[in-house]
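Chemist: quick one: sequence plus predicted model below, questions after.
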Amino acid sequence: MSNEPRVYRQSSLQVILMIVAFSVLGIGLVISMAFVEFQYLLLALGVLGVTFTIALYSQTLKTIISDSEISTQSLLGVKSLRWTEISRVSGGGNGIKLHNFDGDVTLAPSTQLPGYEEIVETIGSKRPDLFDPLEYKEMKKSWPAWATIVIFAIFFIGMILGFIFAFINTPNSSAALFLPAGMSSILLIVFLGVILSAPQAVTLNGNSLLLTYLFKEKTVLADEVSSVSLSFIQTRNGKNYFVQLNQRNKKTLKISSLGPGLPILYLVLKNWHAKNSKLV
């Protein structure tokens, strides 16, 4: 990395377009004063204002990295830590948090910043000691991840039962009314299939890695892996990250939603591969 600090932020054009869009919405609400009761207009403007504030805060987040330190900047101020001041890391989901020795400063780079993967790589290269495979011998799906799965499953099941009861209790109902229940059932099966077919835990044991699935286990040797990468899929809600084990037989293994967070999982597996593979 060069001596010049590297700044990761959203593009200025994206921020400007967001401000213009919210301004147009606000003007539209004000113009509608003649057609809407004042209390409803006030409520709509309040919701718009809160949404704009949250969006502006998110879009103006920055992470600044130099050879000596890392900083995060928001509308509320700037936090900085020298690389040598970081005592431990924590995380959850796609995020990673950096903590100092006193515990009074915590940095958390935004996961939606362009170049977030590079931020994670830099953290790993500056402080590889924080991602020692011996300290993370087992990484498994956390209870918040399981809670999210259960909530979505209950939601789909509720929809299915609702459509079924509506079909049963509607006189002279056609088969078309049963179609939403069938579609919801298919979505539930696909959702559970994708979730439950993914690894539920990763256990490191020397030069081998044990992937625990719901109904099976798979052992992968470090020499069978050509590289470990952090990848993502772009969705409407942002980036969904996952760790990919690229095997020498051209097959890939994808791992996601495991504690203590995807960046930590990635950097630990990367260090495990570098230390144990004789073919790197």
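Modeler: Received the coordinates, thanks.
Chemist: quick check, central residue of the protein?
Modeler: Asn94 (3.3 Å; CA atoms, centre = their mean).
Chemist: contact partners for it?
Modeler: Counting by CB atoms under 8 Å, 6 or more residues apart in numbering, Asn94 touches Thr111, Lys239, Asn240, Tyr241, Gly261, Leu262, Pro263. All C-beta spots, glycine's among them, are computed from the backbone N, C-alpha and C.
Chemist: any weak-confidence spans in the stretch 51-200 of the chain?
Modeler: 167, 170-178, 181 (pLDDT under 70).
Chemist: now the helices: where do they sit in it?
Modeler: For the stretch 51-200 of the chain, the helices defined by DSSP state H, counting those that start in this stretch cover 116-126, 143-169, 179-196.
Chemist: in the shortest one, what counts as buried?
Modeler: Put plainly, it is helix 116-126. Using 16 or more other CB atoms under 10 Å as the test for burial, helix 116-126 gives Tyr116, Glu117, Glu118, Ile119, Val120, Glu121, Thr122, Ile123, Gly124, Lys126.
Chemist: residues contacting the fifth one?
Modeler: The neighbours of Val120, taking CB under 8 Å, 6+ apart as the test, are Ile96, Leu230, Pro263, Tyr266, Leu267.
Chemist: cool, the last one as well?
Modeler: Residues counted as contacts of Lys126 (CB under 8 Å, 6+ apart) are Ile70, Trp83.
Chemist: can you do 7 Å?
Modeler: Neighbouring residues of Lys126 by CB atoms under 7 Å, 6 or more residues apart in numbering: Trp83.
Chemist: mind checking how far it is from Pro5?
Modeler: 14 Å (CB to CB, to the nearest Å).
Chemist: Ser68 contacts Arg82, doesn't it?
Modeler: Yes - counting by CB atoms under 7 Å, Arg82 is a contact partner of Ser68 at 5.8 Å.
Chemist: could you dump the helices of the stretch 51-200 of the chain to TSV with distance to Leu245?
Modeler: Below are the helices of the stretch 51-200 of the chain laid out as TSV (distance: least, CB to CB, whole Å):
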stretch	distance to Leu245
helix 116-126	16
helix 143-169	20
helix 179-196	18
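Chemist: closest one to Arg248 among those?
Modeler: Minimum separation from Arg248 across the helices of the stretch 51-200 of the chain (CB to CB) falls at helix 116-126, 22.3 Å.
Chemist: how far does that closest one sit from the chain's center?
Modeler: 16 Å (CA atoms, centre = their mean, to the nearest Å).
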